[in-house]
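*Asks:* Build me a structure from this.
(one chain, ligands or ions: 3)
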Amino acid sequence: MKKYQDDSLTLHTDLYQINMVETYFKDGIAEKKAIFEVYFRKLPFGNGYTIFAGLERVIQYLKGFKFSGSDIDYLREEGGYDKEFLDYLANMRFTGDIRAMKEGELAFANEPLIRIEAPLAQAQIIETAILNIVNYQTLIATKAARIKQVVGEDVAFEFGTRRAQELDAAIWGTRAAYIGGFEGTSNVRASKKFGIPAVGTHAHALVQTYQDDYTAFKKYAETHKDCVFLVDTYDTLRSGVPNAIRVAKEMGDKINFVGIRLDSGDLAYLSKEARKMLDKAGYKKAKITASNDLDEYTIINLKAQGAKIDTWGIGTKLITAYDQPALGAVYKMVAIENDQGEFEDTIKISGNPEKVSTPGLKTPYRIINVASGKSEGDYIALDTENPEQEERLKMFHPVHTYISKFVTGFKAKKLHEDIFVAGELVYTIPNIEEIEMYAKENLTLLWEEYTRTLHPEEYPVDLSQKCWDKKMKKIEEVKAKVQEMID
Ligand SMILES: Nc1ncnc2c1ncn2[C@@H]1O[C@H](COP(=O)(O)OP(=O)(O)OP(=O)(O)O)[C@@H](O)[C@H]1O
Ligand SMILES: O=P(O)(O)OC[C@H]1O[C@H](OP(=O)(O)OP(=O)(O)O)[C@H](O)[C@@H]1O
Ligand SMILES: O=C(O)c1cccnc1
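*Replies:* Ligands and ions are numbered 1, 2, ... in the order given. Model prediction:
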C-alpha cells in the first residue's frame, strides 16, 4: 500500500463509521439530526466516582474536524469509495451542538458526560475519537484522585512517561493526573504544553557515572540549587544517606537541600531510619521522596507502617491504570429526527437492566442539600423539566425503584455546559489550575462514604419520574414492535 501523509485526526475513527455514513448518504439521510450521549456503566477501580477529563482535547479535535486531501486520496485509492461520497466527506465540518460536563466534574455511572446533537454522518464519525479521548483521560484523572486521596496532605508527583502506552498517553495522562490532584510531572514537554510544574530528582545513572555517592551528590550540588539526592544506589543507610548529609553540610547555603529519594528496598523501614539520621544531623525540614511501583494500596500500607515519606513519585501504576486499563464509556443514540423534523426517541434494549439505554433529550443535575452542603445524588431530567424550580423532588433508584427518598431544601446544579452551538465554540476553556481546583471543590460535595477507596457506597444517579416513565413506555413500544414482526 502507498504511504500517505498523517496530517489530520479525522480518520482517527473506526472503518465501520465511514461505512455506515456511506449507507446514510446513499439513502439521503446523512444530514438527519441525531442525538448521542457518552456515558459509562461501571465505575473503574471499584471507586465511588470518576473525575471527568478530556473535554479540551475533544474541543481541539472538533475544531480541526476536516478530511484532509491525503485522507480523501486514501479513501479513494484504498477504500474504493465513489466520487460523490468522497466530495460529501471532503466538505464535511463539525456543525453540531455539544453539551458536556466541565473537566474536573464528578461523573458517575449511567449519566451523560457529553451530549452530541449533529447531522447523523458527523455524529457517527466523531464517536471513536471522542470515546478514545474521554475514556483514557477520565480513567487516569480518576486513578490519580484515588491515589491523591490516600496521599492526603503529602505531595504526589507523576513519574510515568517511560512506562506509558506511547507518547500521547504520557502527555495526556499526566495532564489528567494533574486534574486528579497531582502536584507536578517529570515530563518536561507536558509541563511546557499545559503549564504543569515540572519536577525531578536524579537517577542512579548519575551515581553510577561518578561511581560513588559522595562525588555524584557533590557534582550535582555544584551545578544545582535545589537538591534531592537518590540514596539507594549502593547502600541506603550506610552510604547514601550519610553522603547526602555530608554534601548538604559542605555546601551549606549554596544549595537548597530539599531532601533524599528512596527507590528500592523496604520503604517503610528505610524512610524511618533515614528520617532519624536527617533529623539528628539538623535537617528536620528535609523531605523524603519515595518511588518504586507505588499505588494507592502500597501507599496505604506504607502509611500504616508509619513510613516517614513526604513526597510520592508515582509512575507505572498510575499512567497505565495498571489494575483497570480501560474505562468502558459508550456512545449511544438517544433520539433521531423523523420525517417531520421532530426528534423521536431511540433505545437499545438488553436483558441486563443496567444496559438498557435511556431515551430522550435530557440533562443531568446534581442535587445539593443546602443545609449540609453535600450532594444527595444526581438527577437526570427531561429537557422539558426544570428541577432548579422544584420545591420537592422524589429521587428513586432507576432499577430498584423501591429505594426512594423525597428531597427538599436543595439546589439543583446543572451538570452540562454548552460547548458548541451549530458548530461554533461557545465555551471558554478554563486553565489547568482552574480545572484542578474545580475537581477538588467537587470532591467536597461528597460524603466520605462515597469517596473511600475500599467498597464505597453507591452514589445515587436517578431518573426523574417523567424520564423513567418515558423509558418504560419506549421499552413497551419496542417490545410490541418486535413481537409484531415475529407474529
Ligand atoms: N514496607 C513496605 N511495605 C509494603 N510494600 C513495600 C514496602 N517497601 C517497598 N514496598 C513495595 O514493594 C514492591 C517491591 O519492592 P522490592 O523491595 O522488591 O523492590 P526492590 O527489589 O528493592 O527494588 P528494585 O527491583 O526496583 O531494585 C514495590 O512495589 C515497593 O513499592
Ligand atoms: O516505579 P514507578 O511507579 O513506575 O515510578 C517511576 C520509576 O522510574 C524510575 O525507575 P527506572 O526507570 O530507573 O527503573 P527501576 O527503578 O525500575 O530500576 C524511578 O526510579 C521509579 O522507580
Ligand atoms: O525525577 C525523578 O526522580 C524521576 C523521574 C522519572 C522517573 N522516575 C523518577
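
*Asks:* neighbours of residue 424, just the number please.
*Replies:* Neighbourhood size, residue 424 [other CB atoms under 10 Å]: 11. All C-beta atoms are positioned from the backbone trio N, CA, C, and that covers glycine.

*Asks:* same thing with the one 3 residues further on?
*Replies:* A total of 18 residues lie near residue 427 under the criterion other CB under 10 Å.

*Asks:* which parts of the stretch 51-200 of the chain sit against ligand 1?
*Replies:* Proximity of the stretch 51-200 of the chain to ligand 1 (CB under 6 Å from any ligand atom) involves no residue at all.

*Asks:* Start from the N-terminal end of the stretch 51-200 of the chain and give the helices.
*Replies:* Taking DSSP state H, counting those that start in this stretch, the helices of the stretch 51-200 of the chain run over residues 55-63, 69-74, 83-90, 120-125, 127-151, 166-179, 188-194.

*Asks:* okay if I get the ones you listed as CSV plus distance to residue 458 and mean neighbour count?
*Replies:* Conversion of those to CSV gives the following (distance: least, CB to CB, whole Å; neighbours: other CB atoms under 10 Å):
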stretch, distance to residue 458, mean neighbour count
helix 55-63, 26, 20
helix 69-74, 44, 17
helix 83-90, 44, 15
helix 120-125, 31, 23
helix 127-151, 16, 24
helix 166-179, 24, 23
helix 188-194, 34, 15
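
*Asks:* Which residue comes closest to residue 393 once chain neighbours are left out?
*Replies:* Setting aside the residues directly before and after it, residue 393 is nearest to residue 407 in space (CB to CB, 6 or more residues apart in numbering), at 4.8 Å.

*Asks:* ok now do the residue lying closest to residue 403 once chain neighbours are set aside, which residues does it touch?
*Replies:* Leaving aside its sequence neighbours, residue 403 sits nearest to residue 397 (CB to CB, 6+ apart; 4.0 Å). Residues in contact with residue 397, defined by CB atoms under 8 Å, 6 or more residues apart in numbering, are 403, 404, 460, 462.

*Asks:* Out of those residues, who's the most crowded?
*Replies:* Among these, the one with the most neighbours (other CB under 10 Å) is residue 462, at 26 neighbours.

*Asks:* quick revisit: filter the contacts of residue 397 down to the ones near ligand 2?
*Replies:* Near ligand 2, judged by CB under 6 Å from any ligand atom, there are no entries from the contacts of residue 397.

*Asks:* And those residues, which is closest to ligand 2?
*Replies:* Nearest to ligand 2 among the contacts of residue 397 is residue 460, at 35.2 Å by CB to the nearest ligand atom.

*Asks:* distance of that closest one from ligand 3?
*Replies:* Residue 460 sits 40 Å away from ligand 3, going by CB to the nearest ligand atom, to the nearest Å.

*Asks:* now that residue: how far from residue 113?
*Replies:* With the distance defined as CB to CB, to the nearest Å, residue 460 ends up 17 Å from residue 113.

*Asks:* Equivalent analysis for residue 189, please.
*Replies:* Residue 189 sits 27 Å away from residue 113, going by CB to CB.

*Asks:* what residues does the lowest-mean-pLDDT helix or strand in the chain touch?
*Replies:* When each helix and strand of the chain is scored by mean pLDDT, DSSP states H and E, helix 465-486 comes last, with a mean of 92. The contact list for helix 465-486 (CB under 8 Å, 6+ apart) reads 345, 347, 349, 356, 358-360, 362, 380-382, 384-385, 394, 396, 398, 401, 463.

*Asks:* The same query, at a cut-off of 6 Å, please.
*Replies:* Identification of contacts with helix 465-486 by CB atoms under 6 Å, 6 or more residues apart in numbering yields 345, 347, 349, 358, 359, 360, 362, 380, 382.

*Asks:* and if you look at stretch 298-315?
*Replies:* 150-151, 154-157, 159-160, 163, 267-268, 271-272, 275, 287-291, 294.

*Asks:* Just give me the residue closest to the centre of the protein.
*Replies:* The residue lying closest to the centre of the chain (CA atoms, centre = their mean) is residue 138, at 1.5 Å.

*Asks:* OK, contacts around that residue?
*Replies:* By CB under 6 Å, 6+ apart, residue 138 lies in contact with 50, 52, 53, 327.

*Asks:* and residue 363, how many residues sit next to it?
*Replies:* 20.

*Asks:* tell me which element residue 394 is part of?
*Replies:* Here residue 394 sits within strand 392-396, counting by DSSP states H and E.

*Asks:* how many neighbours does the nearest residue to residue 295 once chain neighbours are set aside have?
*Replies:* Excluding its sequence neighbours, the residue lying closest to residue 295 (CB to CB, 6+ apart) is residue 317, at 3.9 Å. Residues near residue 317, counting by other CB under 10 Å, number 19.
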